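Colleague: have a look at this prediction, sequence included:
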Amino acid sequence: MPKSTYLNLSDSRKEEIMEAAREEFSNHTLETASVANIIRKLNIARGTFYKYFDDLEELYFYFFRLKKLNLVKFLNESLEKAGGKFVVAMDLYTNQVIEELYNPTLRTITEISSSVGMTSWK
């Protein structure tokens, strides 16, 4: 879990950090990802990064946890739109998930995660 200094940032700054994480994890596995690339993109000092996260692994799993929560949000929204009709909701949900999976950036992240055997979430 990120440190309170990260959690107290503005939403827009948190989004910038997650965007930098997305870019890094789109191109690298956890083993080849680099704090240096992320801080360069954000134009922050290395020490600032460590005020937000204990290490790169913490950011990695936090980023994917947010992605997982997005999927849950999609499911809830689908159920609401479908008026509680499960089959209709699953159709809406499936369409949304397919759209996300065909997003080239997310597809790359999914492929990288699968290649390192990422099956559980912190």
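Modeller: Received it, and whenever you're ready, just let me know what you need.

Colleague: the host helix or strand of Phe25 - what's its average pLDDT?
Modeller: If you go by DSSP states H and E, Phe25 is part of helix 11-27. Average pLDDT, helix 11-27: 94.

Colleague: packing partners for it?
Modeller: Applying 3 or more CB pairs under 8 Å, 6 or more residues apart in numbering; DSSP states H and E, we find helix 11-27 packed against helix 35-42, helix 56-81, helix 104-115. Using the backbone N, CA and C atoms, a C-beta is placed for each residue, glycine as well.

Colleague: with mean neighbour count, mean pLDDT and distance to Pro2 added, can I get those in JSON lines?
Modeller: Listed next are the helices and strands packed on helix 11-27 as JSON lines, based on neighbours: other CB atoms under 10 Å; pLDDT from 0 to 100; distance: least, CB to CB, whole Å:
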{"stretch": "helix 35-42", "mean neighbour count": "15", "mean pLDDT": "98", "distance to Pro2": "13"}
{"stretch": "helix 56-81", "mean neighbour count": "15", "mean pLDDT": "91", "distance to Pro2": "6"}
{"stretch": "helix 104-115", "mean neighbour count": "14", "mean pLDDT": "54", "distance to Pro2": "19"}
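
Colleague: out of those helices, which comes closest to Met18?
Modeller: The minimum distance between Met18 and those falls on helix 56-81, with 6.3 Å, by CB to CB.

Colleague: separation between Phe53 and Lys85?
Modeller: For Phe53, the distance to Lys85 equals 41 Å [CB to CB, to the nearest Å].

Colleague: which one's more surrounded, those two?
Modeller: Phe53 (22 against 12; other CB atoms under 10 Å).

Colleague: tell me, what residue is most central in this structure?
Modeller: In the chain, the centroid-proximal residue (CA atoms, centre = their mean) is Phe63; its distance is 3.4 Å.

Colleague: contacting residues around that residue?
Modeller: The contact partners of Phe63, by CB atoms under 8 Å, 6 or more residues apart in numbering, come to Met18, Ala21, Arg22, Phe25.

Colleague: residues near the second one, how many?
Modeller: Same thing as Ala21. 23.

Colleague: that one against Ile38, yeah?
Modeller: Yes. Applying CB atoms under 8 Å, one finds Ala21 in contact with Ile38, separated by 6.5 Å.
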